[in-house]
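Q: What would the 3D arrangement of this be:
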Amino acid sequence: MLHILDASFPFFALVLIGWACARGGWLPLESIPALNLFVLYFALPCMLLRFAASTPIGKLFDPLVFGIWLACALVMVGLAVASARCRSTDWNNAAFGALVAAFANSGFMGVPLLADLLGPGAAAPAIVTLAIDMVITSSLCIALSRLGETGAHGMRPAVAKALRGMLVNPLPWAIGAGCLLSASGWVPPRMAMKPIAMLADAASPAAMFTLGAVLARSQRAAGRSQAAAGMRRGDVPLLATLKLIVHPLVVFAAGRAAIAMGRPLEPFTATVLVLVAALPSASNVPMLAERFGADAARIARVVMTTTVLAFASFMGAARLLGY
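A: Presented below is the predicted three-dimensional model:
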């Protein structure tokens, strides 16, 4: 247990420090977009590129890992959408509720945390989950969010719009560049890789600090929005439960089923997938919800709630899995 705490505590502590700095006014809210830009466009892509380049290409293109994570994401989206529609939630809010329940914070938190906890070998499955959630899960939920306005015929342009958004996202490109380096076996000159390595080393602390600041800003915006519109908390506890408890259980069951059927899924890889699922919700989902006109304050509360609770639930999951 001390090993789990030793690996996890610094990450959550940096989130808390970033939150406290933004909440206390020591970090101007106007500076948060610049921090976000540094992490998303420089530090985090360099970290992902380095991890992908140093990972055997077969680990990054494991069809079984791809299939398990995608199938579990579809199950989570289905569960969240069905429960929301049963409560007469509109398609837009139902879809983004599903996304916040299925999209783990594998970019900002997952890859560096799991690599520190389990070793560099944990990076490959975590990178696969990130790629699937960024491209497929997000596109699916964005398409579902348009059903209320345009019906099924509106799904194709919504997916196209989501995919166009992925083209300007540097993270998939960084993963792709790392895969090319891994597949080719080419090692760039040390002089060229040194700046990338320096930015990659900055990714983890900068990402955690920025995540805390983003959560503080979202919390403040959610409070103003709730006061102005009288919004209810609604299904925030349900969505947090889906993310932190149901999601890892679904992935655990899928991994155990694959192993029981004799599929070539390593127990270590299955463990990594479960721990990725046990991470809190991705911090970019509120921004997507706001962009597409959903209740971003509700989604921000889910991200905040899961991030706070994950300090205990993630360590509990790791402990139950034998780490």
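Q: And stretch 78-95, end to end?
A: The first residue of stretch 78-95 is 9 Å away from its last residue (CA to CA, to the nearest Å).
Q: which residues sit against it?
A: Outside of stretch 78-95, the residues that reach it under the criterion CB atoms under 8 Å, 6 or more residues apart in numbering are 97-98, 101-102, 141-149, 235, 238-239, 242, 246, 292-295, 298. Glycine gets a C-beta too; all of them are placed from N, C-alpha and C.
Q: low pLDDT regions in the stretch 151-300 of the chain?
A: Residues of the stretch 151-300 of the chain that meet the criterion pLDDT under 70 lie in 151-166, 221-233.
Q: And the helix ranked longest in the chain, what's buried?
A: Ranked by residue count under DSSP state H, the longest helix found in the chain is helix 190-229. By neighbour count, and taking 16 or more other CB atoms under 10 Å as the criterion, the buried residues in helix 190-229 are 193, 196, 199-200, 202-219, 221-222, 225.
Q: With stretch 85-96 instead?
A: Neighbour-count burial for stretch 85-96, counted by 16+ other CB under 10 Å, picks out Thr89, Trp91, Asn92, Asn93, Ala94, Ala95, Phe96.
Q: List just the nearest of those to Ala282.
A: Within those, proximity to Ala282 (CB to CB) peaks at Phe96, which comes in at 11.6 Å.
Q: Can you report phi and psi for the residue most central in space within the chain?
A: With distances taken as CA atoms, centre = their mean, the chain has Asn105 as the residue nearest its mean C-alpha position (2.5 Å). Note on Asn105: its backbone torsions stand at phi -80, psi 60 [degrees, to the nearest 10].
Q: What distance do you get for Arg291 to Leu14?
A: In this structure, Arg291 and Leu14 are 27 Å apart, going by CB to CB, to the nearest Å.
Q: More neighbours: those two, which one.
A: Neighbours per residue (other CB atoms under 10 Å) separate Arg291 from Leu14, with Leu14 holding more: 20 against 12.
Q: I'd say the more buried one and Met208 touch.
A: Yes. Because the distance of 3.5 Å satisfies CB atoms under 8 Å, Leu14 is recorded as touching Met208.
Q: List the buried residues of stretch 238-246.
A: The neighbour-count criterion (16+ other CB under 10 Å) identifies Leu238, Leu239, Ala240, Thr241, Leu242, Lys243, Leu244, Val246 as the buried residues of stretch 238-246.
Q: Buried ones among the contacts of stretch 78-95?
A: In the contacts of stretch 78-95, burial by neighbour count holds for 97-98, 101-102, 141-147, 235, 238-239, 242, 246, 292, 294-295, 298, counting by 16+ other CB under 10 Å.
Q: Many thanks, have a good one.
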